[in-house]
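Peer 1: model this:
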Amino acid sequence: MTKNLSRRSFIRVSAIAGGGAVFALHVNPAELFAQYGAAPSPPKFEALAFVTINPDNTFIITSKNPEIGQGVKNMLPMIIADELDVDWNSVVVEQADADQAKYGQQLAAGSFSTPQNWTPLRQVGAAVRQTLLASAAQKWSVPQTELTTDKGKVMHAASKKSAAYAELAADAAKLPVPALNTVPLKDPKDYKIIGTPRKGVDTAAVTTGKPIFSIDFTLPGMLYAVFQKAPVFGAKVASANLDQLKTLASG
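Peer 2: Reported below is the predicted structural model:
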């Protein structure tokens, strides 16, 4: 009996025969996470850990996931910045430290960065914006519903009052952060940053050789190892100088 071979199955079989390079690009994300025993859960993190408001009304926005060339160091902060309603030119992006209690899952795998963080990071930006609106409402004794924001400012049309986020930040920080799933989010037609072309935040540094990569890291007496791939699929190691390697590794 002849069994039809699907495109996905063909890709997997041919990739195995060729050493796995294609398979790595077409792996099912669900299968990837299944290797770790559980499906990915929605990220939980501290909203205020992502945004710093500077006295000059510029903003530091943290990018939570590893940047390995896929553009998330731009994309994730852009999501927050749009909901926060600030000018992208006033934003400085910083890479987050590894702290999943604060930032939620931090990984680069399976093209999950956008779908997994899309709504939660919109909620982060919106939640910080809500604390600033609440701060202005208290300061001016006006209903919060009468306030609007634009490019890092809160405005009250009826009284013609306005304040930069930096003027409200100290009082806003004392207010409780609303639950992320309760904050109103922008209508997509009102996006100002999301969906627009932006220069990579690290492009200039990368093209001038400034970032330090693992290949650039050295220690005194450091040894280098090279992985030698078997020339045929299914080959087994005939011999190896394991004792010598263990001596070198322990020395």
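
Peer 1: per-residue pLDDT, Asn65?
Peer 2: As predicted, Asn65 sits at a pLDDT of 93.

Peer 1: For it, which residues are in contact?
Peer 2: 72, 76, 96, 106-108, 113, 117 (Cβ atoms under 8 Å, 6 or more residues apart in numbering). All C-beta atoms are positioned from the backbone trio N, CA, C, and that covers glycine.

Peer 1: Do I have it right that Val183 meets Val128?
Peer 2: No. At 9.3 Å, Val183 does not count as touching Val128 under the criterion of Cβ atoms under 8 Å.

Peer 1: The protein: strands as residue ranges?
Peer 2: 51-53, 59-63, 91-95, 147-150, 153-156, 161-164 (DSSP state E).

Peer 1: Switch these over to CSV; also include mean neighbour count and distance to Thr203.
Peer 2: As requested, those are arranged in CSV below (neighbours: other Cβ atoms under 10 Å; distance: least, Cβ to Cβ, whole Å):
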stretch, mean neighbour count, distance to Thr203
strand 51-53, 20, 23
strand 59-63, 21, 14
strand 91-95, 16, 12
strand 147-150, 16, 28
strand 153-156, 20, 29
strand 161-164, 16, 29
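
Peer 1: Nearest to Val232, out of these?
Peer 2: Distance to Val232, taken as Cβ to Cβ, is lowest for strand 91-95 among the strands of the chain, at 41.0 Å.

Peer 1: which residues touch that closest one?
Peer 2: Counting by Cβ under 8 Å, 6+ apart, 58-63, 67, 73-74, 77, 81, 201 sit against strand 91-95.

Peer 1: Pick out the most distant pair among those.
Peer 2: Within the contacts of strand 91-95, Thr58 and Glu67 form the most distant pair, 21.3 Å apart (Cβ to Cβ).

Peer 1: ok, these two, which is more surrounded?
Peer 2: Neighbour count, other Cβ atoms under 10 Å: between Thr58 and Glu67, Glu67 has more, with 20 against 17.

Peer 1: wait, isn't that one in contact with Thr203?
Peer 2: No. Counting by Cβ under 8 Å, Glu67 does not reach Thr203; the two are 11.6 Å apart.

Peer 1: what's the spacing between Met78 and Phe112?
Peer 2: As judged by Cβ to Cβ, to the nearest Å, Met78 and Phe112 stand 17 Å apart.

Peer 1: Right, I'll call it a day here.
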